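Engineer: Need a 3D model of the following:
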Amino acid sequence: MSIRQGFLALLSEQPMHGYQLRQEFERRTGGAWPLNIGQAYTTLARLQRDGLVEPVVGGDEDSPEQFRLTDDGAAQARVWWDTAVGREKPGRDELAIKLALAVTVPGVDVAAVVRRQRDETLRALRALTRLKRDLDPRDDLAHSLVLESQVFAAEAEVRWLDHVEASVAAYAPTPTPAGAARVGTTSRTSRTTAALTKEIER
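Structural biologist: Predicted coordinates:
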């Protein structure tokens with residue numbers, strides 16, 4: 001998520017100061033991407049440097065300085081709404097990098113790495129499911145949409161881990177260490193994911 005573009009979008013509504021921008025950004029995204037106040041003011045300073053925002057003249061001297069969009073800033077906000085988010089250069093995915101290295105570094109128990117990650121992802125999915133169940137979209141549609149995005153991403157990650165596990169078993173079979181679960185738990189995990197999905201839909 002671009003904090004820079006998010007701030008331009010918020011300032012297209014009305015002038016705000018840095019603390020307001022931080023509060024509104026977190027509130028409208030359900031607190032999914034918390035910002036520290038230094039990050040908010042650094043972003044605001046860069047927007048001012050680039051000529052996209054400017055101080056509001058004639059404000060209350062006892063109040064924090066507010067900023068508004070310049071014409072260029074308003075144009076950039078409109079361009080953001082009108083342009084699809086590009087997927088040709090995805091961000092670095094730590095998990096994908098970790099598993100790509102795991103299958104190439106000797107001595108790594110890839111099945112165990114996958115198993116631990118699946119357990120963690122399912123734990124996160126259960127937590128997100130509980131949050132989603134307790135949130136009425138009629139009360140906070142923005143937060144509900146963010147939660148749904150995270151739920152779908154977690155479900156997709158579980159399916160991808162199933163695929164990784166099957167691929168490792170098919171193309172890079174390695175002896176299973178004593179006490180470790182054997183590769184081939186895809187059906188169990190798929191059932192778990194399906195059950196969680198049904199719980200979300202209730």
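Engineer: If we go by neighbour counts, what in the helix or strand hosting residue 156 is buried?
Structural biologist: Assigned by DSSP states H and E, residue 156 falls within helix 141-171. For helix 141-171, burial by neighbour count (16 or more other C-beta atoms under 10 Å) applies to 143-144, 146-147, 150-151, 154-155, 157-158, 161-162, 164-165, 168-169. Placement of C-beta: from N, CA and C, glycine included.
Engineer: Among these, which one lies nearest to residue 93?
Structural biologist: For those, the residue nearest residue 93 by C-beta to C-beta is residue 157; the value is 9.7 Å.
Engineer: How about the closest one, nearest residue that isn't a chain neighbour?
Structural biologist: Nearest in space to residue 157, with sequence neighbours left out and distances taken as C-beta to C-beta, 6 or more residues apart in numbering, is residue 121 at 5.1 Å.
Engineer: Isn't the one you found up against residue 159?
Structural biologist: No - in terms of C-beta atoms under 8 Å, residue 121 does not count as a neighbour of residue 159; the distance is 10.3 Å.
Engineer: Would you map the helices across the protein?
Structural biologist: 3-11, 18-28, 37-49, 71-82, 94-102, 110-133, 141-171, 186-201 (DSSP state H).
Engineer: Relative to residue 60, which of those helices is closest?
Structural biologist: helix 18-28 (14.0 Å).
Engineer: for that closest one, packing partners?
Structural biologist: Counting contacts by 3 or more C-beta pairs under 8 Å, 6 or more residues apart in numbering; DSSP states H and E, helix 18-28 packs against helix 3-11, helix 37-49.
Engineer: Just give me how far it sits from the chain centre.
Structural biologist: Distance, stretch centre to chain centre, for helix 18-28: 17 Å (C-alpha atoms, centre = their mean, to the nearest Å).
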